[in-house]
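S.K.: Provided below for reference: sequence and predicted model.
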Amino acid sequence: MRRALVVTTILLLAASAVLASDSRITLLKPYRGVDEDAIIYATKKDLTNGAVDRLLTPSSLSKFAGIIDTIAPPLAETVNFGAAPGDTMAQFFEEPTAAYYLKSIGIKTNEWNGQFNDGFNLLVTKAAADIRTWPKDSVDGAGWVGRWASHPLGCPTGNWCGSSWGQPPLGEIVWGDFPVTAVRNEWVWTPMIWLGFEPDMGHDPFYVCYAPFGTAGQYFGTASGDATALPQWRGLKYYAGGGTSGKGGWHIRKYGWIFMLEVEFYENTAPTIRYEPYGSVLSADARPLRADIEDIDASDSAKAGVAEAKLYYNVNGGAFTAVPMTLVSGTDQKGTWEGTVPAGIIAPGDVVEYYFWAKDKGGLETESMHGTYGYFVKKHDVLAVYNDDSFSASFILPYYFHDPKGTVYLYDTWATDLDGKPTVELLKMYDWIVQLDGYSPVHLFDDTLQTWLTGARKAGGTKGYFWSSQEWAFQFGPGGGEDLNFAAGDFHYDYFGIGTIVSDIEPYDQSPHPLNATDHAIVADIKAFCGDSLQLYYDPYYELSFSNWNDVITAHNPASAVLFADSADANKVMGLYTFNNNVHTVFLTFDQLALNTGKAKYHWIPIDVSNPMIEALKFFGAPSAVGTGQTVPVEYALHQNYPNPFNPTTTVKFAVAKPGNVTIAVYNMLGQKVATLVNGYYQPGSYAATWDASGMASGVYFYKIVAGDFTAVKKMTLLR
């Protein structure tokens, strides 16, 4: 287990609220692209690199002489999940492998979309129902657990109405109910001794819960993360309203709540194993895999430390093979261990599954969560390099590749946060590449890109590279942030047209930046759509939940064509097209997914009007799915609307697997149909429909698709 590194001596005060400093740890921005109006994504640049200011219960207060440690769900903080008075949030904790006393609980209370509330009631309960026994795919809209008869929706069948598997989750109260004052964007720590005792959690699973109090309808958020890969850490929320299913009461979400526990172990603990995920490989070479393993023993220090560690792996779901691991740094109580997947065991398209195992000197064993990596294989003509870690590539790339005009590009994905820096070997597989740096690039690989740009291509053929990045110039500069200058002979100038680029013209800005599209074929439809009545904006704060750090190009290769420019100064270029040595390129100083026409006359440009990246691929001559022998969707699907919440328009994407009639209708909370978005005969493929809710009242709506035997329902929220 990880030892607590800082213990601060404090004066224990009898009080009914927790006091904390006013220093901010994180700013949180609204995110409009998921299925829950209580979710806001945390930004990366405004976080303090994972640092958490915390206050630990002083060891001098310990009555048990054990080992103080911290426990928290192993989730990355990516979501600010909101709750209001009447709601309750509950996080499941598995039974301890070594018994401990619970000393304090830390909960981060964040501003939520400009809102904040007074505080919350904190309690700890035994687990009456074990979340691990519930279906792993039963989350969000399908995650209704049940509700009590006291809920506003009632219960016609008795005291409890639940799903076929749902049971009341909370059991006997172990500690609490205790009122805690919320502190804006701070970790608030509540010592258990404030109720006169520190509960012995023994070996039983339990829930930590909080219920907001204060102004009705006023939210605050909680640090949360995606628990899809770790279903035992999924969080529960009790909705005073209908919730994600519309049925009210307890729901299990795909997100877990990051509640931190300070504990004092009084028994031997099993080893703790942590590791960073491993990404794709391009060869069958041997691959060393490392894990950090720690072990303590509160009852006998002579038994502390790892006695043995192994790496287990299989290929394509086969039998696991064990490989001994060796300590490569640190000590047996806190060190890094390494095992190697041997060479020659995988081929292109194969998947390796792996996990780590360790046993301590006291005989306790631990198995890590399982990971996978694949032998990358080219399947499609276009490579999408998602070079940001603000979102998962699988979530965000369908939005980048959406074409409101209907063209479908199938693509292979390289997610640099998992797969690492792209190599020359990877890029050489493709003639058509898009690099999407999103908020900020995870890796810089200009040398690799230069090799690809200047390298050989098919005789008489062309290739193309689309690159959007609002932060590349800042990261690429030797000191970070200074202007960069390139001249003829430098590939940035010759192939991307960049002469002088000025970084971060509006750092930390959260307001939309006005820009104009030109007559160039790639963006002419955007210019025509805006005409004289609409202003085009770069608005990442609204669309993607991050601040505006875009750059401008003040001098460029005269052979390049301007695509976008600052609306106030046409000499401040924000997008260039260049054709050199049979290579097409587009470079944008912003993220094209954040283009809109402002909130007063809102249109989400790449989704509703014209997608600059897709238009660039068309202009380059990149082959689309039509006529290439590539497949269209083989499964029906109804996707979450985007943006959500919305005002007044939103887009619904859907996929059709077989020819036939398709209907998509919108219903209000009373079940009354208020709009029909789709009603017609569709061939297999991916489509999108737009709903203009002008004239409709704010609130929750449901949209339902019926296509053959396929039906699905999702929720969306209109906010005026």
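M.R.: Looks like it arrived, so ask away.
S.K.: need the helices for this protein, in chain order.
M.R.: Secondary structure of the chain by DSSP state H: the helices cover 393-400, 416-419, 424-427, 446-454, 472-476, 491-496, 524-530, 540-543, 612-620.
S.K.: Listing request: residues of the stretch 551-700 of the chain with sub-threshold pLDDT.
M.R.: The model of the stretch 551-700 of the chain has pLDDT under 70 over residues 626-634.
S.K.: if you set the cut-off to 90 instead, what comes out?
M.R.: Residues of the stretch 551-700 of the chain that meet the criterion pLDDT under 90 lie in 599-602, 607-608, 624-661, 667-673, 679-700.
S.K.: Repeat that for the stretch 101-250 of the chain.
M.R.: 110-115, 131-143, 156-158, 162-167, 176, 185-186, 202-203, 217, 225-231, 240-247.
S.K.: Which parts of it are strands?
M.R.: With DSSP state E, counting those that start in this stretch as the criterion, the stretch 101-250 of the chain has strands at 119-127, 144-148, 160-162, 170-181, 186-191, 206-213, 220-226, 235-239, 249-252.
S.K.: returning to that earlier point: which one, of the helices of the chain, ends up nearest to Glu635?
M.R.: Judged by C-beta to C-beta, the one of the helices of the chain that comes nearest to Glu635 is helix 393-400, at 13.9 Å. Every C-beta, even on glycine, is put in place using the N, C-alpha and C of the backbone.
S.K.: Residue ranges of each domain in this protein, please.
M.R.: Domain ranges of the chain: 39-265, 272-374, 382-620, 637-718, per automatic domain parsing.
S.K.: Let me have these in TSV, extended by mean neighbour count.
M.R.: Converted to TSV, the domains of the chain look like this (neighbours: other C-beta atoms under 10 Å):
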stretch	mean neighbour count
domain 39-265	19
domain 272-374	17
domain 382-620	19
domain 637-718	16
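S.K.: Alpha carbons of stretch 447-467, as PDB, please.
M.R.: Output of stretch 447-467 as PDB, limited to C-alpha atoms (Å, rounded to 0.1, in the frame of the first residue of the first chain):
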ATOM      1  CA  ASP A 447      11.100  14.900 -37.100                       C
ATOM      2  CA  THR A 448       9.000  11.800 -37.900                       C
ATOM      3  CA  LEU A 449       6.500  14.000 -39.800                       C
ATOM      4  CA  GLN A 450       9.300  15.500 -41.900                       C
ATOM      5  CA  THR A 451      10.500  12.100 -42.900                       C
ATOM      6  CA  TRP A 452       7.000  11.100 -44.000                       C
ATOM      7  CA  LEU A 453       6.400  14.400 -45.900                       C
ATOM      8  CA  THR A 454       9.700  14.200 -47.800                       C
ATOM      9  CA  GLY A 455       9.600  10.400 -48.300                       C
ATOM     10  CA  ALA A 456       8.700   8.300 -51.300                       C
ATOM     11  CA  ARG A 457       5.100   7.900 -52.500                       C
ATOM     12  CA  LYS A 458       3.500   5.900 -55.200                       C
ATOM     13  CA  ALA A 459       4.600   6.800 -58.700                       C
ATOM     14  CA  GLY A 460       2.500   9.700 -59.800                       C
ATOM     15  CA  GLY A 461       0.500   9.600 -56.600                       C
ATOM     16  CA  THR A 462      -0.300  12.200 -54.000                       C
ATOM     17  CA  LYS A 463      -0.700  12.000 -50.300                       C
ATOM     18  CA  GLY A 464      -2.300  14.400 -47.700                       C
ATOM     19  CA  TYR A 465      -1.900  15.500 -44.100                       C
ATOM     20  CA  PHE A 466      -4.400  17.400 -42.100                       C
ATOM     21  CA  TRP A 467      -3.200  18.900 -38.800                       C
END
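S.K.: tell me how far it is from the chain's mean position?
M.R.: 32 Å (C-alpha atoms, centre = their mean, to the nearest Å).
S.K.: who touches it?
M.R.: 421-424, 427-428, 430-435, 437, 491, 495-496, 581-588, 613, 616-617, 620-622 (C-beta atoms under 8 Å, 6 or more residues apart in numbering).
S.K.: try stretch 596-603
M.R.: Counting by C-beta under 8 Å, 6+ apart, 512, 529-530, 533-537, 539, 542-543, 604-605, 609, 647-649 sit against stretch 596-603.
S.K.: List the contacts of the residue nearest to Asp551 when sequence neighbours are not counted.
M.R.: Nearest residue to Asp551, sequence neighbours excluded (C-beta to C-beta, 6 or more residues apart in numbering): Thr589, at 4.2 Å. By C-beta under 8 Å, 6+ apart, the contact set of Thr589 is 469-470, 473, 501, 550-553, 573-575.
S.K.: Is it possible to get CSV of the residues you listed that adds distance to Asp519?
M.R.: Below are these laid out as CSV (distance: C-beta to C-beta, whole Å):
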residue, distance to Asp519
Ser469, 24
Gln470, 24
Ala473, 26
Ile501, 23
Asn550, 22
Asp551, 23
Val552, 20
Ile553, 18
Val573, 15
Met574, 16
Gly575, 13
